[in-house]
Every structure is written in structure tokens, then in C-alpha cells.
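Asks: Quick one, what's the 3D model for this:
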Amino acid sequence: MTNTIDLMDESTHELMHDLTEAQVEAVTTTTGPLLVLAGPGSGKTTVVTRRIAWLLAQGVPPWQLLALTFTNKAAGEMRNRVEALLPDVAQDRRGLTIMTFHGFCARLLRQYSEEARVAPSFTIYDSTDRRAALKIAVRNAGLDSGNWTPASVGEAISNCKNKLTTAEQHESHAGDFYTRSIGRVYREYQAILTRNDALDFDDLLLKVALLLRDDQAVRTALQERFQYLMIDEYQDTNQAQFMIASALVGPQRNICVVGDPDQSIYGWRGADISNILDFEHQFQSARVVSLGRNFRSTGHIVDASAGLIQRNESHRERTLHTELGAGDQIVVAGAVEEHDEARDIVADFRQRFIEGTPWREMAVLYRINALSRVLEQAFRDAQVPYVVARGTAFYERAEIKDALSYLRLVVNPRDDIALRRVINTPPRGIGKTSLDRLEKHAILHQLGLGDAIDRVDEVPALTARAQAAMKRFGEMVARWRADADGGSLILDLPDFVSRIIRESGLEKAFRNGSSEEDIARLENLDELVTAAAEWTPPREEAEAEAKGESMTILQQIAAWLESIALVSDADMVDPENGSVTLMTLHAAKGLEFDVVAIAGLEQGLLPHARSFEDDVEREEERRLCYVGMTRARRLLRLSYANRRTVRGITERTMPSQFLGELPAETMDRQDIADPWSTGTASTIPLENWQVGATVRHATFGLGMIRRVVPRPRGTTATIEFLEYGHRTLLVAHAKLELVDPDEHPWEGIDIPI
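Replies: Sure thing, here's the model as predicted:
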């Protein structure tokens, strides 16, 4: 014990010298229940690691300590910091347990496999394994895989497990058709896991929670071992994790939880904010320490975010402050439309780069993934390096690649790679076995897969059902191609892309789902239609056409796909200065940057439209905005667009209500007058968009308006250009000049109608 006491004496100053009074209190309060309310940038990880080091320095055996986190990165960082603080103790740290919840549960289930009724050598299914098992479970339950996707049923089953509801319990309380159907899939899914001696990530929590609840001997043994329990990010715990934490607390009640209810943003995946809000009720006489000093952000950022979050009823009143000075005011900027917003962000970031901030210290955050496309385009156009963090670049997302593969087949029916990708996406009864038989027949007769499908009646190994499904698929693609090559009444590319998404079944597959993943994929497909509406053929493409002739939809698709392929291959890595980070607000939690821009602060985006009728969801949306704002160290920019295009149709937007909740003294307002009532992004007033008007376009030159189509949320116009034939353009983005017809009389010039 002498060595430990000596170590404590020598290390006490090292452990405490740079801590605030509140941090010292949190570190040295080691007996009884303790709630540490850690605001953004308040040194939460420092407090947890110093507390572990303090306990070790006090002589607590390492094996009596248990610290649970949510990520391997956080656990690793804590271990490294403890070792750096107490290298001598770290050499003898046997039994010191700093792990994620799931890692700890997996270890317990191996140790107590018999008591938990699991195989000791169980396999843990990752997301890919889980998806495959769910697809089989849906089929075994006798349900249509097109209506019951792995994502939607998987989320429902995950919610059941997080609430400690087994398949049997769920089925016994099932009343309506949906609940009974989920129950059947749940039962089949668990049967698959059992047959394969497998557990998914939710099972790790569920099995341990039930084990600790029902087995007193195991519960007592763990309580006697782990005398000191610490849990990080407690606001993100779900019901199963709450049960585990509560069961591990022994008579000594030495539990310390660290978190911030204002940063609880994962309610959609089961996190229960009441776990942290009710901590003092669960553990009577609990001590509460509030870490209010922000070491990350300057004053205006701290004050603005504090002013926002105090609007939430779930907010716990505390004083947030910083000693980093007031800093720059938050920029709140409006834009005519989303492209202007993106260009303004890029221009602002360029200026910051010129002033010395490296790209790696800048980030753009947004509520939904679909917003990344316009931002990506703006950064590419400006040749500013960027990365899409914790996500996938827009044109690399699975649902986008699926839609583009259908379009590739329209252009080139012999594209076997595209055909393989979508022939059974979404599922249409063409399984791997049937596709293998088709491929063997194609190879034997030296045919492409598309040609083999055209002659599918000649493939004897196929079942009648598979033949019929393949024939329908081939006829669908052939019909699209015929219409695109001049036979379609659809006059513009976005309408055709929308039709492909609808008739292929992609839209239905995601619209029937209720998960966040399905909703995001549907939003991405909507954004693809918008991308098609905004696309303009480059001058080189236009000049390659015969004068006076128009590009068919087929030619437009081919040119558009080529432009996407070329853009997607862009590589602008700047190893010295790094890249600007583009990411969702959810993904940004736990990170920080010198310069942060949050785009799309509009009603319906942030807060999301789904929260309009639900006070609880709207409070979570406000917390999400708060989390995004507090990622910024020095400079914060909040922006919105007065118009935004969805599925190729421009609609008016309203600035987010959250902007009106920020303290006025913290903001530098750079709003613009709403241009919606005065016209469009073009220089032509809306009343002059009339058939017969003469216009000039920067690429296509002179033309005459031949057709104006009002839509519920925007207008398109078909213009016959002198040199390049007809083009259908979005009024909001056409940027045309009105030309006096007296200066360019049409007499003697053949303008086809």
C-alpha cells in the first residue's frame, strides 16, 4: 500500500492542477451516486479519465473499476489517457475494464453462457449478416419482401429488443395486422439466429439485461466485483442499457454517470432521455455536479446555443460560460436558393483559408443526407477539397446507384453490370439461382444477359415464375427505351427520371418503410430528380447536335450519366491542409472544428417536417441544432434558402423557427429580401414568361418560349432555341435574359413548333 500512497502524493498535483473547481469536485466525489452534467466542450473525457486515475491513485484495485462508453474510440482514448497519467499503475492494470456497452456484454455472455442460455462460441452478426437473415425471415413469415424491407422490420425488431420485449412477448400482445406481421418476422428471425448460434448487437444488450434481472447469483457476483461504475454519454442509453447499469450497482451505490440531456439526439434509435433526467429520482441523495465552463467555443457561440436550448422543457437550467472571449458574432445568412447558399458557404470558407484556417478545420453540417449533393457540387466547382464523413458521397449511395443503373440500361441494354445490380432490386422474384441459370445459358449461346432475357422462353432450366418475372423486367426496360428514344410524351429529363424511380419499384420500396434509413433514401431519390432538372448539357454536347434538332430523352440521359461519371471520379486531396468535412448533424456529435457552417436551416428541414405535430420530436430537433452549433470553436455560420428544389420542382421555404430563438446580440444577420414575390432567379419577371417571348441563354443563345407548364411548386418552360432546338428548363434556374423581338425579328427564320 506504501507504493500506492506515495504515487498518490506525487500524482495528486498532476491530476488536479489544470482542472476547474467543478471538475475537481466531479473527480474526487467517489462514493455514492453522482450525476455529472457536462455541457459541450466542458472537458467531459478529462473528468472521466481523471476520476479513474484518482481512484487508482487512492488504492482502488483496477479490477473493481468498470467504465462503459458507446464507441471503441472513446474507450481507447480513456485507456490511453489513464496510462499516460499513471504509467506505474498502468503497468499493473490487470482487470481495469474500460469498454463499450456491447463489448462488455459480449464478454459477460461468453463468461456466463450457460446462465444466459447462449452457445459459448456464439457468432455476432454484423449489419450485413443481419440484413441477410431478416430477408430470409420475411420470406419464411410469408410476407412480401417488397413491402417488408429488412430496414423497416429490422428497426421494429430492434425497438422491441431495446425495450426488453422478446418475440414471444411481442406476439402475445399483437393486435393489428402490422404488429402481428412484425411478430411473425421477429419469431422467424430469432429462429434463424438460434439455429446458427448467433446474436445480433441488440441481443448482446437484451440477453445481459435479462440475465442480470433474473439471475441473482450472477448479479451479486458482478456487483461484488465492480465496486465503482462509470457510464459515459448517459443521455444516449436505451432501456436495456439502463437495466444493465441499474443491475450492476451494488449496495455501495458507487455509480457515476456523465452526460448532457441537451445533447440527447438519438431518440429515433431507442435512446431514452428520461434515464438521465430521472437519475436523481432513481438514486435518492445523488450528488449533481454541473460542468458549465466551455473550453471549446467563444462567447457568442456559447451564448447563442444556450439561448436556443433553454427553450426546451427538458432542459436543466445551468450556467454556461467561456473564458475564450466573445469572438465573432454568429453569421445568419439567407440566400435566394440552395445553389446560392452553397456558393456563399464555399466563398466564406475560401476567405477563411486565405486567412490561415486549414481546410481540415472547417465543416458543413446538414439535417438530411440529400442536402449534400448541392454542397458537393459547389465545392467541386470551386476546386475546394472535401470529404463526406461518416456517410457516402451522393452518387455513391446505394439507392442512387440503383436508379442510375436502371437509366444505364435504358441507354445501353447490353450493360450486364447494371442489369445484375437491379434485376432483383427491389425484389421481384428473380433469385440468385435463377440469375445463375440465365447467365449459364447466355454464356453457352454467346449472348449478353439482356439478349438472354429477350429470349427467356428458351432457357429451360428456369421456373415459369422466374421466366415471367424476367420477361416483365425486360419488357419494362424496353418500354422505357422506346419512349426515351422519341416515343415518349414526357418532354423533360426530370419527369423521365421520376418515372423510372416510380415504375422500377424503388419509390414504393422505400415509401412503405418507416425507418430513418428508408426516409433518407427516399429523400435522396427526390434529390436525384432535382439533379436531373438542374442539369444543362455542356456547350460541347450541344454543338455536337445537328442544328435545329433536339436531343431525345435517350440522348439527354446518356449525356447526363457521362457528366455524373466524370464528376464522381474527381479527386482533390490536399494532404497538407486536409479537406473540408461534409456531414450530417447526427454524425457530428463528439467532433469540433474551428469553422462550422450549418446549411438548410428551414422549416421542414431543421426542424424536420416529421416533428411539427410532436413536441417531443421538436425538442429533439432543437437539441440537434444545439449540438451542431456547439461543434464550432471560433466561427459559426447558419444559413437558409428562400427557395429549394425538391423532385425538380421549386418550392418556397421559410427560415427555421430556431433562428428566431437565438439571442439577437449574438448574431450578425445577413438576411436577404424574399425574392419569391418579385420573380425568379432569372432576370425575367414571372409575368413575362409567356409563349412567344424572345429570350437569350448563355449556352444556347436566342430562343422563343413555346410552352409554359405551371406546377404546384414551380414552373417549367420549353424553349425552342435557334441553334440547339428545344430545351425544357426550370424557371427558377434558367437565368435567361428577355430580348426585344424588334431587335431580333423572327421573320424569315425557321423556328420549328
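
Asks: tell me the average confidence for the helix or strand that residue 83 is a member of?
Replies: Secondary-structure element containing residue 83, defined by DSSP states H and E: helix 72-85. Mean pLDDT, helix 72-85: 83.

Asks: What lies in contact with that helix?
Replies: Helix 72-85 is touched from outside by 11, 14-15, 45-46, 48-50, 52-53, 56, 67, 69, 90, 93, 96, 98-100, 103, 232-233, 590, with contacts defined as C-beta atoms under 8 Å, 6 or more residues apart in numbering. Every residue, glycine included, has its C-beta placed from N, CA and C.

Asks: Show me which residues of that helix are buried.
Replies: Along helix 72-85, these residues count as buried under the neighbour rule (16 or more other C-beta atoms under 10 Å): 74-75, 77-79, 81-83, 85.

Asks: got it, and stretch 439-448?
Replies: The neighbour-count check on stretch 439-448 (16+ other C-beta under 10 Å) flags 441-442, 447 as buried.

Asks: Tell me where the model's unsure across the stretch 551-700 of the chain.
Replies: 565-577, 673-690 (pLDDT under 70).

Asks: those helices in the stretch 451-600 of the chain, which residues are they?
Replies: 464-482, 493-503, 506-511, 516-534, 539-544, 553-568, 585-588 (DSSP state H, counting those that start in this stretch).

Asks: Could you export those as TSV, including mean neighbour count and distance to residue 415?
Replies: Below are the helices of the stretch 451-600 of the chain laid out as TSV (neighbours: other C-beta atoms under 10 Å; distance: least, C-beta to C-beta, whole Å):
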stretch	mean neighbour count	distance to residue 415
helix 464-482	17	10
helix 493-503	21	15
helix 506-511	20	18
helix 516-534	21	18
helix 539-544	14	21
helix 553-568	18	10
helix 585-588	21	34
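
Asks: Figure out which of these is closest to residue 698.
Replies: Between residue 698 and these, the tightest spacing by C-beta to C-beta is seen for helix 539-544, at 9.1 Å.

Asks: That closest one - what's its average pLDDT?
Replies: Helix 539-544 shows a mean pLDDT of 49.

Asks: With stretch 323-333 instead?
Replies: Per-residue scores along stretch 323-333 average to 93.

Asks: Flag every buried residue along stretch 319-327.
Replies: Buried residues in stretch 319-327 (16+ other C-beta under 10 Å): 320, 322, 324, 327.

Asks: what does stretch 356-368 give?
Replies: Applying 16+ other C-beta under 10 Å to stretch 356-368 flags 357-368 as buried.

Asks: So which residues of the stretch 251-400 of the chain form helices?
Replies: Along the stretch 251-400 of the chain, the segments classed as helices by DSSP H, counting those that start in this stretch run 274-277, 279-282, 299-309, 338-354, 372-381, 398-411.

Asks: looking at those, which is closest to residue 627?
Replies: helix 299-309 (8.9 Å).

Asks: Now the closest one: buried residues?
Replies: Those buried within helix 299-309 under the rule 16+ other C-beta under 10 Å are 299-309.

Asks: closest to residue 596 among these?
Replies: residue 301 (8.9 Å).

Asks: sorry, back to before: now, of the helices of the stretch 251-400 of the chain, which is deepest in the fold?
Replies: Ranked by mean neighbour count, the helices of the stretch 251-400 of the chain are led by helix 299-309 with a mean of 24 (mean count of other C-beta atoms under 10 Å).

Asks: send the alpha carbons of the longest strand along the chain over as CSV?
Replies: If you go by DSSP state E, the chain has its longest strand at strand 632-646. What follows is strand 632-646 as a C-alpha-only set of coordinates in CSV (Å, rounded to 0.1, in the frame of the first residue of the first chain):
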residue,chain,number,x,y,z
ALA,A,632,-17.7,25.4,-33.7
ARG,A,633,-14.7,26.7,-31.9
ARG,A,634,-14.3,30.2,-33.4
LEU,A,635,-16.7,30.9,-36.3
LEU,A,636,-20.3,29.7,-36.9
ARG,A,637,-22.4,30.3,-39.9
LEU,A,638,-26.1,29.4,-40.1
SER,A,639,-27.8,29.7,-43.5
TYR,A,640,-31.1,29.1,-45.2
ALA,A,641,-32.5,29.4,-48.7
ASN,A,642,-35.7,31.2,-49.6
ARG,A,643,-36.4,28.5,-52.3
ARG,A,644,-35.4,24.9,-52.5
THR,A,645,-36.0,22.4,-55.3
VAL,A,646,-37.5,19.0,-54.5
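
Asks: And the next helix or strand past that strand?
Replies: Next along from strand 632-646, by DSSP H and E: strand 649-652.

Asks: strand partners of that following strand, parallel vs antiparallel please.
Replies: strand 632-646 (antiparallel) (DSSP bridges).

Asks: what is the orientation angle of the partner strand with helix 372-381?
Replies: On the basis of axes from the mean of the first three to the mean of the last three C-alpha atoms, to 10 degrees, strand 632-646 is oriented at 110 degrees to helix 372-381.

Asks: quick check: angle from strand 632-646 to helix 338-354?
Replies: Angle, strand 632-646 to helix 338-354, by the same axes, to 10 degrees: 160 degrees.

Asks: buried set for strand 632-646?
Replies: Buried residues in strand 632-646 (16+ other C-beta under 10 Å): 632-646.

Asks: so which of the residues you listed comes closest to residue 525?
Replies: For the buried residues of strand 632-646, the nearest to residue 525 is residue 646 (11.0 Å; C-beta to C-beta).

Asks: unless I'm mixing things up, residue 558 is touching residue 411, no?
Replies: Yes: here residue 558 reaches residue 411: they are 4.8 Å apart, a contact under C-beta atoms under 8 Å.

Asks: coming back round to it: report the two of the buried residues of helix 299-309 separated the most.
Replies: 299 and 309 (16.0 Å).

Asks: Backbone dihedrals for residue 228, both of them.
Replies: Backbone torsions of residue 228, given as degrees, to the nearest 10, read phi -130, psi 120.

Asks: can you start the count at 887 instead of 1 from here on
Replies: Got it, first residue is 887 now, which makes that one residue 1114.

Asks: residues in contact with it?
Replies: Counting by C-beta under 8 Å, 6+ apart, residue 1114 touches 916, 941, 946, 950-952, 1140, 1142.

Asks: In TSV, list these along with distance to residue 1322 and secondary structure.
Replies: Listed next are the contacts of residue 1114 as TSV, based on distance: C-beta to C-beta, whole Å; DSSP: H, G, I helix; E, B strand; the rest coil:
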residue	distance to residue 1322	secondary structure
916	64	coil
941	60	helix
946	61	coil
950	58	helix
951	55	strand
952	51	strand
1140	60	coil
1142	57	strand
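
Asks: Specify which member of those is nearest to residue 1053.
Replies: Relative to residue 1053, the closest of the contacts of residue 1114 is residue 952; by C-beta to C-beta it sits at 30.4 Å.

Asks: In contact with that closest one: list those residues for me.
Replies: 983, 990, 1112, 1114-1116, 1134.

Asks: Considering the residues you listed, which possesses the most neighbours?
Replies: Neighbour tally across the contacts of residue 952 (other C-beta atoms under 10 Å): the maximum, 26 neighbours, falls on residue 1116.

Asks: The helix or strand in which it is found: partners in the sheet, and parallel or antiparallel?
Replies: If you go by DSSP H and E, residue 1116 is part of strand 1114-1117. Strands adjacent to strand 1114-1117 in the sheet, as given by DSSP bridges, are strand 951-955 (parallel), strand 1141-1145 (parallel).

Asks: Give me the distance from the last one to the chain's centre.
Replies: Right, strand 1141-1145. 28 Å (C-alpha atoms, centre = their mean, to the nearest Å).

Asks: then that strand to CSV, C-alphas only?
Replies: The C-alpha atoms that make up strand 1141-1145 are tabulated as CSV, following Å, rounded to 0.1, in the frame of the first residue of the first chain:
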residue,chain,number,x,y,z
ILE,A,1141,-22.3,4.9,-9.8
CYS,A,1142,-21.1,7.9,-11.7
VAL,A,1143,-22.9,8.9,-14.9
VAL,A,1144,-21.7,11.6,-17.2
GLY,A,1145,-23.9,13.2,-19.9
